[in-house]
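Chemist: fold the stuff below for me.
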Amino acid sequence: MNGGSAGGIKSVSLKNLAQRVQQPVIAKKTDKKEVKQEAPIDPTWNEAFNQDRLNEVWRKFTRQYDSQPRIHTIYKNHPPQLLQDNTLLIKLRNNTQEHELNKERSTILSYLRRHLKNAGIRLNIEISLEEDKNTQKAFTVADKYKAMAEKNPALAMFRKQFNLDLE
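Modeler: Numbering: from 1, shown residues only. I've put the predicted structure just below:
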């Protein structure tokens, strides 16, 4: 039987396999640590900025999340508004968006403080439910047509002119 193992069959140990699998993971963790290590935020930073500059930095920030569509959409559709005293307000539509944004809150603040050179930036989040209450969901064909006709009155004229029915 020893002749069979000498003929080209190699034994594999679980220890060797475990080491091979763990090595790339360790390297990835090391790479992430190197990427995340940035210069600390200087607490004396206090550069003034306006809404245009904030929008510019925010667009650059959102591009980092192109590979994460849900987060990218939240950031892109809800840019911060500059209030007084370096306070930013982000208006969201629901609690789920708030939860997602709060998970990244420290990352957002760190990025904005670094790129705007202002350590005093604060972030407030507000859920704006007024939009959802005023807009009723259209489920039936008639409801959908009514909603579209309100947005574009030419649609009603088009329907009337060509004697179209809703189906």
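
Chemist: in which helix or strand would I find the residue nearest in space to the middle of the chain?
Modeler: Centroid-nearest residue in the chain: Ile71, 2.1 Å away (criterion: CA atoms, centre = their mean). Taking DSSP states H and E as the definition, Ile71 sits inside helix 69-77.

Chemist: run through who's touching that helix.
Modeler: Trp58, Phe61, Thr62, Tyr65, Asp66, Leu92, Gln97, Glu100, Leu101, Glu104 (CB atoms under 8 Å, 6 or more residues apart in numbering). Heads up, the C-betas are built off the backbone N, CA and C, glycines and all.

Chemist: for those residues, name the two members farthest from one another.
Modeler: Using CB to CB, the contacts of helix 69-77 reach their maximum pairwise distance at Asp66 and Leu92, which is 20.3 Å.

Chemist: which one of these two has more residues nearby?
Modeler: Set side by side, Asp66 and Leu92 show more neighbours around Leu92, with 19 against 10, by other CB atoms under 10 Å.

Chemist: in this structure that one contacts Leu129, no?
Modeler: No: the pair Leu92 / Leu129 is not scored as a contact, 9.8 Å apart, by CB atoms under 8 Å.
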